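K.L.:
requesting a structural model of the entry that follows:
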Amino acid sequence: MKENEFFEIEMLRLMQNVSKIITKVEDEFLKKFHLTHFHARYIANLFRYKRLKMKDLNNLLCVDKANTTRAVRDLINKGFVEKVGVGERKFDLQLSENGEKVAKEFKRKIDSHLDESFKKFTTEEKKTLFRLMNKLSEGVADAGNI
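P.N.:
Have a look, this model is predicted:
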């Protein structure tokens, strides 16, 4: 195996491991609310932006309409999200009062986990990692368009 192939395989393994650990942390926290990491990004974005349309969630999360429809339906049925506006098609989504409480607690948990995860990093290393991850994200997106 060439050195470059080994590096690429190891890099992919490390990224999958990080993703798996974060997913596990999210699932462990959210299970008391009968939610999973599948719902986490929707809750986080509604908490951050306060009111969004379904289309906005699709775009922010880079997911298809069907995934958003399923996640939002779950969150509405469980009382964490509510529709705001008029009509069946013209509405925004926002967190309910209960959803806000979950989102605040979730944010504290994730922030604490990330603080612990990055405690050995300098500020400059964090900035470099952020730039590299953005560059990787663009490259992966470009490669997917081939």
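K.L.:
okay, CA-based contacts and neighbour counts for the rest of this
P.N.:
Will do.
K.L.:
now for the residue nearest the centre of the chain: which residues touch it?
P.N.:
By C-alpha atoms, centre = their mean, the chain has its centre lying nearest to residue 41, at 3.4 Å. Residue 41 makes contact with residue 61, according to C-alpha atoms under 8 Å, 6 or more residues apart in numbering.
K.L.:
pLDDT score for it?
P.N.:
Reading off the confidence values, residue 41 has pLDDT 93.
K.L.:
what strand or helix carries it?
P.N.:
The secondary structure element spanning residue 41 is helix 37-49 (assigned by DSSP states H and E).
K.L.:
show me what counts as buried in the helix ranked longest in the chain.
P.N.:
Scanning the chain for the helix with the most residues, using DSSP state H, yields helix 3-30. Neighbour counts using 16 or more other C-alpha atoms under 10 Å place 22-23, 26-27, 29-30 of helix 3-30 among the buried residues.
K.L.:
now the helix holding residue 41 against helix 3-30, angle please.
P.N.:
Here the directions of helix 37-49 and helix 3-30 differ by 80 degrees (axes from the mean of the first three to the mean of the last three C-alpha atoms, to 10 degrees).
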